[in-house]
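# give me a 3D structure for the following:
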Amino acid sequence: MPTPIQVMDPHLAAKIAAGEVIERPASVVKELVENALDAGAQHIRIEIEGGGAERILVADDGHGIAADEVELAFRRHATSKLRTESDLSELATLGFRGEALPSIAAVADVTCSTRFVDESIGTELRVDGGAIEQRPISRQPGTTMLVEGLFARFPARRKFLRARSAEAAACVQLISPLALAFPEVQFALHLDGREALRTPGDGDLRSAAVAVLGSDAADHLLELTQTSVDDEGGQRIVEVSGVCATGSYHRAGRSGVVVLLNRRPVTNRSLSYAVVEAYGSLVPVGRQPVAVVNVRVPGGEVDFNVHPSKLEVKLLRERAVYATMQRALRAALATDEWSIASWSDESEAPQQFGGNELLRDLHVLGQAGKTYLIAEGEAGVYLVDQHAAHERILLEELRAALGGRSDHQLLLEPLVLDVPPAAVALAEQASAELARLGFVLEPFGPRQVLIRGVPGVLVDRQPERVVQETLVTLATNTHGLVIEQHASWAERLALVIACKSAVRAGDTLALPEMEALLRRLGEASLCRTCAHGRPTAILLSHAQLEREFGRR
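Numbering: from 1, shown residues only. A predicted model of the protein is given here:
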């Protein structure tokens, strides 16, 4: 006999629903901090013990909860943030579902201490295993939420929690983007009694970013000039601002890429990729950039109600947002002053050295090992990697060709190249992008391609070898360059062609060629790294030379 259908017990239903919202201690912290921000708090203190499984405290100085509404706040779908269905399409708050407090109370013991700003006395409400106790108390306006014994009554859930350190780290990773989204709010986070994060709350995104990223980021942050796009009617559809780090400041993972959409930290692969692609080869292989990008769009053009965590979003005009983010980031990176690597006293690892010296003003002394140019300037002696420098020059010129300024030269006699079948298929697939770069070629059988024209900048760079190596390495993915998997064929081709056509280590250069290389490198908009993300030059300052020779 089948089991008869019956209405689920409300207590059981609450526990199941809680599992959608409260997955781990960081979920509790997220919901409580978001409520504090929605309450207009200017100071938020977070205390976490035992990774959050033992104790979580979130205290704020917001407007608080009215005494007659405290118990109501712990009922499912009770909220002060939505009134009608139309409010859902114009969200102005971080929380809106009315599920946070009842979900937390379903899996932990909760004590809520609050005082509404217009009332003279506060209220304390304790929810312990479903039992509710409420009493008046004396306190300042604001709210303090204390959560203890998370999942203590649910050992099956508790055993899936990770180590305390891992759960604590997850809380920090969750609070950090919120602190960047609200730089005017002072955040203080304590882990087991130790201060792990404190932001100044002065309203300056740069200072908040330094507090979150670390003091070593201070000298590398660039302001994003506010960039916007209007529709045909003159209405603002996207606005981008924020800060980004120079290409020399990077991380192993993408934790440094923070996208804020209408002041809400969001997870969106397309928008995150817009940041990574804007940097391109400015960061080394295997490293990721650091940027905090504020995106504002009309409330009716974004859907935050996609997932219970409210991290995933849908955008009506995602392409416009993507393009505006890239334009703002590339404009900021292009204004970065020339800075190259120098040696430090403490180690031989390159560190950043800022200088205003123009490359075209350097005096070329010669060539070392048929690989490095040696030049002298007011700051000291420069060593320039000839391959890396030429690679960057060609990459910028090829990118200019993609922007509509392509210049190609037809060959007197077409060239037939022997390539693997995969490379022939690639040539056919990327024919339009190759044409934009200045190449005129076509498949010529199962294992051959026919070249009729090449970009003007490559006429003297053995174009047949360049094309052959480019197609083969792209087809077999053996290029070793900084290329994102979603990059367009045009970007892939430009990166590989620049690498394959640049002068190589071991090539002897005449003095005029070395001078021209430095001049052209100085004219490139992004001249600090090659397509592999390696530096194009290092500097031995006069002070460093004096120390090395014992003169100081």
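# tally of neighbours for L189?
For L189, the neighbour count with other Cβ atoms under 10 Å is 23. Where you see a C-beta, it was placed from the backbone N, CA and C, and this is true even at glycine.
# any idea which helix or strand in the protein has the lowest mean pLDDT?
Here the helix or strand of the chain ranked lowest by mean pLDDT, DSSP states H and E is strand 351-354, holding a mean of 38.
# dump the residue contacts of P136.
67, 121-124 (Cβ atoms under 8 Å, 6 or more residues apart in numbering).
# follow-up on the earlier one: next helix or strand past the least confident helix or strand of the chain?
Toward the C-terminal end, the helix or strand that comes next after strand 351-354 (DSSP states H and E) is strand 363-368.
# chain center to that next one: distance?
39 Å (Cα atoms, centre = their mean, to the nearest Å).
# what does that strand rub up against?
Counting by Cβ under 8 Å, 6+ apart, 373-377, 381, 383, 386, 508-509, 511, 514-515, 518 sit against strand 363-368.
# which of these count as buried?
373-375, 377, 381, 383, 386, 509, 514-515, 518 (16 or more other Cβ atoms under 10 Å).
# out of the residues you listed, the closest to V321 would be?
Nearest to V321 among these is L518, at 38.9 Å by Cβ to Cβ.
# which ones are touching the closest one?
Contacts of L518 by Cβ under 8 Å, 6+ apart are 359-360, 362, 364, 373, 375, 384, 389.
# would a markdown table of those residues with distance to E71 and pLDDT be doable?
Output for these, formatted as a markdown table (distance: Cβ to Cβ, whole Å; pLDDT from 0 to 100):
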| residue | distance to E71 | pLDDT |
| --- | --- | --- |
| L359 | 70 | 70 |
| R360 | 73 | 71 |
| L362 | 74 | 84 |
| V364 | 79 | 90 |
| L373 | 75 | 92 |
| A375 | 75 | 90 |
| V384 | 71 | 89 |
| A389 | 70 | 86 |
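# so the spatially most central residue of the chain bridges to which residues?
Centrality entry for the chain: nearest residue to the mean C-alpha point is V257, 1.7 Å, by Cα atoms, centre = their mean. Counting by DSSP bridges, V257 forms beta bridges with A291.
# show me where the stretch 401-550 of the chain has its strands.
408-418, 440-443, 448-455, 537-541 (DSSP state E, counting those that start in this stretch).
# check the stretch 201-350 of the chain too.
Remark: strands assigned in the stretch 201-350 of the chain by DSSP E, counting those that start in this stretch are 221-230, 236-245, 257-261, 264-265, 291-296, 302-303, 314-315, 339-342.
# just to revisit the earlier point, out of the strands of the stretch 401-550 of the chain, the one nearest E99 is which?
strand 537-541 (55.6 Å).
# what pLDDT does R75 get?
Turning to R75, the model gives it a pLDDT of 81.
# distance check, it against S103.
11 Å (Cβ to Cβ, to the nearest Å).
# between these two, tell me which one has more neighbours.
S103 (25 against 12).
# show me what the helix or strand hosting that one is packed against.
Element membership for S103, per DSSP H and E: helix 100-107. Helix 100-107 is packed against helix 10-21, helix 25-38, strand 109-115, with contacts defined by 3 or more Cβ pairs under 8 Å, 6 or more residues apart in numbering; DSSP states H and E.
# mean pLDDT lowest for which of these?
Looking over those, mean pLDDT reaches its minimum on helix 10-21, with a mean of 49.
# on that earlier part again, including distance to G453, could the contacts of strand 363-368 go into JSON lines?
Putting these into JSON lines (distance: Cβ to Cβ, whole Å) gives the following:
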{"residue": "L373", "distance to G453": "32"}
{"residue": "I374", "distance to G453": "37"}
{"residue": "A375", "distance to G453": "36"}
{"residue": "E376", "distance to G453": "41"}
{"residue": "G377", "distance to G453": "40"}
{"residue": "V381", "distance to G453": "42"}
{"residue": "L383", "distance to G453": "37"}
{"residue": "Q386", "distance to G453": "27"}
{"residue": "T508", "distance to G453": "29"}
{"residue": "L509", "distance to G453": "27"}
{"residue": "L511", "distance to G453": "32"}
{"residue": "M514", "distance to G453": "30"}
{"residue": "E515", "distance to G453": "30"}
{"residue": "L518", "distance to G453": "30"}
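# tell me which stretches of the stretch 51-200 of the chain form strands.
So, for the stretch 51-200 of the chain - with DSSP E, counting those that start in this stretch - the strands run 55-60, 109-115, 122-128, 131-137, 142-148, 186-191, 194-198.
# using CSV, lay out those strands together with distance to E47.
Listed next are the strands of the stretch 51-200 of the chain as CSV, based on distance: least, Cβ to Cβ, whole Å:
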stretch, distance to E47
strand 55-60, 4
strand 109-115, 13
strand 122-128, 18
strand 131-137, 19
strand 142-148, 9
strand 186-191, 5
strand 194-198, 10
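# how about those strands, which one is nearest L316?
Here strand 186-191 is closest among these (Cβ to Cβ), at 31.6 Å.
# strand partners (parallel or antiparallel) of that closest one?
Paired neighbours of strand 186-191 in the sheet (DSSP bridges): strand 43-49 (parallel), strand 194-198 (antiparallel).
# got the angle for the longest one vs strand 55-60?
Strand 43-49 and strand 55-60 are oriented at 180 degrees to each other (axes from the mean of the first three to the mean of the last three Cα atoms, to 10 degrees).
# what of the last one?
Orientation check (the same axes, to 10 degrees): strand 194-198 against strand 55-60 gives 40 degrees.
# now strand 194-198, how far from the centre of its chain.
23 Å.
# likewise for stretch 374-392?
30 Å.
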